[in-house]
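**Student:** Next one to model:
(6 chains)
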Number of protein chains: 6
Amino acid sequence: MTEPEDLPDDLRERVSAIAEKSGFVPNIFRALGHRPAELRAFLDYHDALMEREEGLTKAERELVVVATSAANHCTYCIVAHGAILRIRSKDPQLADQVAANPWQVQLDVRGRAIVDLALALARSPELLGDADIARARAAGLTDDEIWDVGAITALFAASNRLAHLTALQPNAEFYLMGRIPR
Amino acid sequence: MTEPEDLPDDLRERVSAIAEKSGFVPNIFRALGHRPAELRAFLDYHDALMEREEGLTKAERELVVVATSAANHCTYCIVAHGAILRIRSKDPQLADQVAANPWQVQLDVRGRAIVDLALALARSPELLGDADIARARAAGLTDDEIWDVGAITALFAASNRLAHLTALQPNAEFYLMGRIPR
Amino acid sequence: MTEPEDLPDDLRERVSAIAEKSGFVPNIFRALGHRPAELRAFLDYHDALMEREEGLTKAERELVVVATSAANHCTYCIVAHGAILRIRSKDPQLADQVAANPWQVQLDVRGRAIVDLALALARSPELLGDADIARARAAGLTDDEIWDVGAITALFAASNRLAHLTALQPNAEFYLMGRIPR
Amino acid sequence: MTEPEDLPDDLRERVSAIAEKSGFVPNIFRALGHRPAELRAFLDYHDALMEREEGLTKAERELVVVATSAANHCTYCIVAHGAILRIRSKDPQLADQVAANPWQVQLDVRGRAIVDLALALARSPELLGDADIARARAAGLTDDEIWDVGAITALFAASNRLAHLTALQPNAEFYLMGRIPR
Amino acid sequence: MTEPEDLPDDLRERVSAIAEKSGFVPNIFRALGHRPAELRAFLDYHDALMEREEGLTKAERELVVVATSAANHCTYCIVAHGAILRIRSKDPQLADQVAANPWQVQLDVRGRAIVDLALALARSPELLGDADIARARAAGLTDDEIWDVGAITALFAASNRLAHLTALQPNAEFYLMGRIPR
Amino acid sequence: MTEPEDLPDDLRERVSAIAEKSGFVPNIFRALGHRPAELRAFLDYHDALMEREEGLTKAERELVVVATSAANHCTYCIVAHGAILRIRSKDPQLADQVAANPWQVQLDVRGRAIVDLALALARSPELLGDADIARARAAGLTDDEIWDVGAITALFAASNRLAHLTALQPNAEFYLMGRIPR
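**Tutor:** Okay, here's the model as predicted:
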């Protein structure tokens, strides 16, 4: 595990900014830090998709992350992004429900379409086809939003596997974040 | 599909350099070009892992890509990286054999350990554990090489899904590259 | 949904006693109450296994419940018994970790043997055989404890399915119970 | 294995009554007898569901048992309840056909709806949702009958696993019962 | 369905000989008879493997057929060859036990090795490799016997699918054959 | 491996005729030659289905073979019949696309119906039912063509497994055949 102070300058600054905002250094940065070029690209990819202003809302992006991480049984991503989903959705129960059963969690039509597309791509990507895209469009998703869903699912297919590879444990702080609505 | 001339300067240059070397613009760049920030991060991540000098050989990196893309049934990645594997391994048959059945393709002990770890992480990442890592080490892989295998598998878990999302077709050139040993 | 006051006397008393202890009426009783004979048998079976003094500890019994309910993606049982596991194990993180990935959650040898046996029986019971029992014994489980694991897994195979059948939602209280160690 | 004479009085009487009617002691009672409280609850649950007068017919209840036990590959339950299905349906071939392939056995619309719902809940309960319930209703099942199908499937999810846990063998008598229509 | 009298001479004679011996025309011949060249080749292949004198015993050959047909849930083959297995093994219960759960039916070491190899090849042939062959040899199977197991499994992979394609129903006679030891 | 000169006269002649036409002896004949009666029946079955004049075109027959062999991950059959598909379809890319992902390869309505039916029967034959046949008919396939698809799928379910059993390697010639349109 690499501590922030051992990172190259640009990465130390980025991770420090996140740590300042969260109050702690998320363990994923410790796990990836020994390969700065990979961590840099990962952060860039993450920010391009998760901080994007157009398309899906911030809460919807986290919904995709929690749903696909649940389908992949990735403990770090479920717990860490479950916390962020609680905060962004202002719903203290949704993340646990999505994590428990993304296939049947009760969502509105738009939420269901987002999660259905994400789950299809997450676990049996070879079966994904025109019918899935057509269903997403029929539920009102634009092609830009469909790309967001697909690309976030793809990024976390990678992210989940990095966490599995390192048996990454969530920071203790994540378990409690956003559970008590302020 | 985005043509290179419609990309931001830095990306146009990178893609042009690749096109010059290959003789054509691989379709993946056309598919990702409408989101330059994502394409840039993807390219950076790809280069950090696939152009790395230490750890796995270049041919072994492509072996991971073809094996996991085969397990994910990703047509673009199988055909495009199959071509690169033929060239880097100087073996005109290996890629088709890996693509047909990565679980049982005949490889030496090191190759088998690389592919077994990659396949375990590719399709049932929730089951990956200490036993898989121990088997890889027992076959002689260093922790640095194990990271290479895992991280390439993770990146192509993403890459495969982007190709599935866009029903991406391989360029005609890939089908023939490296089939006739020079 | 059947409220406690609409239950036959004996069941109303049993459910009221539970409600008094918990501070609320767990929704499972509301879901099963329209069939008193079935609820009575379910409660008897539950108490015979979950309140038993010999064999597995109370925390270990809940570990079996959360692990198998996670494998079955049963939202009600994961959230409700996750709360009880937090309280009985005095560990505020264990339940979320088990729920996220029961196959790879870090446990001691005894805990791992309990969960492995439970998971084998939960999802592919047709493959369970002498080898599974032998592994459980080798990890130190007695035949009485092995029965506990198997019988609790069996009971919650039923319980999970009743919750799935009714799309049962966890009471809001469960989400927070046991998260802050006292 | 616990013989009836070693059971507590109430259970000895219940099992004896069954044995008198059948001509032999079904082995399931021998397998569960060492835990009288569990056997008592199991019998109560079984009788509440399988002896109920309203809702599904007796033959339909056994159809659910044989179909889900077949999906779970539970030898004891297939052979024992196959015998009862032969008797209750007065059809000497139906049980073997359901046991061989419950997904495609030829049934009338009502039978097919019953078996489809049972199979969906038996093997992939996490996917069961409104669509399954809607299909059952569209085939004419009442909500009371849907509960019967679901609850019997749930009970035998437990029962099958107890038989798997004990590698329970069917009594020789079951193999021949009901094969020759009288 | 093609009746024997509508078959070409050579096939009519072969099928008549079988019918005379069995007392009825097995429905598989009716199902395949409209394509005489295919039926002829099928019969030749069947006889080459099932009537062979060396290698596996006749009962062992039927054990392979029932086990793999059970794994493929082929009603016709389970019922028809279950009857033949009862007769050839002189065991009235074995066929139903194999049909219910081929993975865990109690067999001696040789029988278990035969069935394990057959099941491995039947359902996940892409995973079959040196380890499976080594296990079969370690249990004492000769290479000639291993071929018998594999080739019979292969032939019935075809045969099962022809029965599935035609929703082929077993003749009524098969259900009762061999149930009462003479 | 059995060389043609060691085969009985009739088989030596048949194999020689094939070798003359292809320019080499396909390895499948070497693998099956030690059991002449089985090889003879296999060849007869193969010719009855693959050389048939009515029904599916020759290219469509090979499409079924490559699609189902891909679903079964059979290296020999994918490479050998991929070569024949290239030649018969006069399309140098189709075989690689089908081999990579038969579920989503882009085909016209008729081709898609053929491949969908073949894939359904190849991997989950127990689920094949009236709905699959109805879909094939709705796409315009005649019952004679549906039989062709099903029977070829069945034959190659056998053929694939014989290749898996022997870890059969494709002849080097197959890899290049038909890649460069003349």
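
**Student:** Give me the contact list for stretch A:18-33.
**Tutor:** Applying Cβ atoms under 8 Å, 6 or more residues apart in numbering or on different chains, the contact partners of stretch A:18-33 are A:1-4, A:6-7, A:11, A:15, A:38-39, A:42, A:76, A:80, A:159, A:162-163, A:166, A:168-171, A:173-174. C-beta here means a position set from N, CA and C on the backbone, and glycine is covered the same way.

**Student:** Please repeat the previous calculation with a cut-off of 10 Å.
**Tutor:** A:1-4, A:6-8, A:11-12, A:14-16, A:38-43, A:46, A:76-77, A:80, A:83-84, A:159, A:162-163, A:165-174, A:177, B:147, B:151 (Cβ atoms under 10 Å, 6 or more residues apart in numbering or on different chains).

**Student:** got it, and stretch A:134-150?
**Tutor:** A:49-50, A:52, A:54-57, A:60-61, A:63-64, A:67-68, A:108-118, A:120-121, A:125, A:128, A:132-133, B:32, B:34-35, B:38, B:161-162, B:164-166.

**Student:** Contacts only, for the most centrally placed residue in chain A.
**Tutor:** In chain A, the centroid-proximal residue (Cα atoms, centre = their mean) is A:V65; its distance is 3.1 Å. Each residue near A:V65 by Cβ under 10 Å, 6+ apart is listed here: A:49-50, A:74, A:77-78, A:80-82, A:84-85, A:98, A:118, A:152-153, A:155-156, A:159-160.

**Student:** Select from those every entry located in helices.
**Tutor:** A:49-50, A:77-78, A:80-82, A:84-85, A:98, A:118, A:152-153, A:155-156, A:159-160 (DSSP state H).

**Student:** give me phi/psi at the residue of chain A found nearest chain D?
**Tutor:** Distances between chain A and chain D by Cβ to the nearest Cβ are smallest at A:Q104, namely 5.0 Å. The phi/psi pair for A:Q104 (degrees, to the nearest 10) reads phi -130, psi 0.

**Student:** Check the gap between the residue of chain A found nearest chain F and B:D130 for me.
**Tutor:** Ranked by Cβ to the nearest Cβ, the top residue of chain A for proximity to chain F is A:G129, at 5.0 Å. From A:G129 across to B:D130, the span is 37 Å (Cβ to Cβ, to the nearest Å).

**Student:** Pick out whichever of those two has more residues nearby.
**Tutor:** A:G129 (15 against 10; other Cβ atoms under 10 Å in any protein chain shown).

**Student:** Could you find the closest non-adjacent residue to A:L39?
**Tutor:** Residue nearest to A:L39 in three dimensions, not counting chain neighbours: A:L32, with 4.2 Å by Cβ to Cβ, 6 or more residues apart in numbering or on different chains.

**Student:** How about A:L165?
**Tutor:** Ranked by Cβ to Cβ, 6+ apart and with sequence neighbours excluded, the top spatial neighbour of A:L165 is B:G150, at 3.8 Å.

**Student:** which SSE is the one you found in?
**Tutor:** Assigned by DSSP states H and E, B:G150 falls within helix B:143-165.

**Student:** Compute the inter-axis angle for that helix and helix A:143-165.
**Tutor:** Put simply, helix B:143-165 runs at 160 degrees to helix A:143-165, going by axes from the mean of the first three to the mean of the last three Cα atoms, to 10 degrees.

**Student:** looking at it, A:Q104 is touching D:I133, isn't it?
**Tutor:** No - with contact defined as Cβ atoms under 10 Å, A:Q104 does not count as touching D:I133 (11.7 Å).

**Student:** Which residues are in contact with each of these two?
**Tutor:** C:A167.

**Student:** returning to what we had before: among the contacts of stretch A:134-150, name the buried ones.
**Tutor:** A:49-50, A:52, A:55-56, A:60-61, A:63-64, A:67-68, A:111, A:113-118, A:120-121, A:125, A:128, A:132-133, B:32, B:35, B:38, B:161-162, B:164-166 (16 or more other Cβ atoms under 10 Å in any protein chain shown).

**Student:** The one residue in chain A that gets nearest to chain E: neighbouring residues, count only.
**Tutor:** Nearest residue of chain A to chain E: A:E126, at 14.1 Å (Cβ to the nearest Cβ). Here the number of neighbours of A:E126 (other Cβ under 10 Å) works out to 17.

**Student:** ok, it touching B:N72?
**Tutor:** Yes - the pair A:E126 / B:N72 is scored as a contact, 6.2 Å apart, by Cβ under 10 Å.

**Student:** between these two, what contacts are shared?
**Tutor:** Common neighbours of A:E126 and B:N72 (Cβ under 10 Å, 6+ apart) are B:N160, B:H164, F:A100, F:N101.

**Student:** what's near enough to touch the third one?
**Tutor:** With contacts defined as Cβ under 10 Å, 6+ apart, the neighbours of F:A100 are A:126, B:69-70, B:72-79, B:82, B:99-100, B:170, F:70, F:78.

**Student:** hmm, back to that, same for chain B: which of the contacts of A:V65 are within range?
**Tutor:** Among the contacts of A:V65, the residues lying close to chain B (Cβ under 10 Å from any Cβ of the partner chain) are A:L49, A:C74, A:T153, A:L155, A:F156, A:S159, A:N160.

**Student:** Determine which two of those residues are furthest apart.
**Tutor:** Comparing every pair within the ones next to chain B among the contacts of A:V65 by Cβ to Cβ identifies A:L49 and A:C74 as the most remote, at 16.9 Å.
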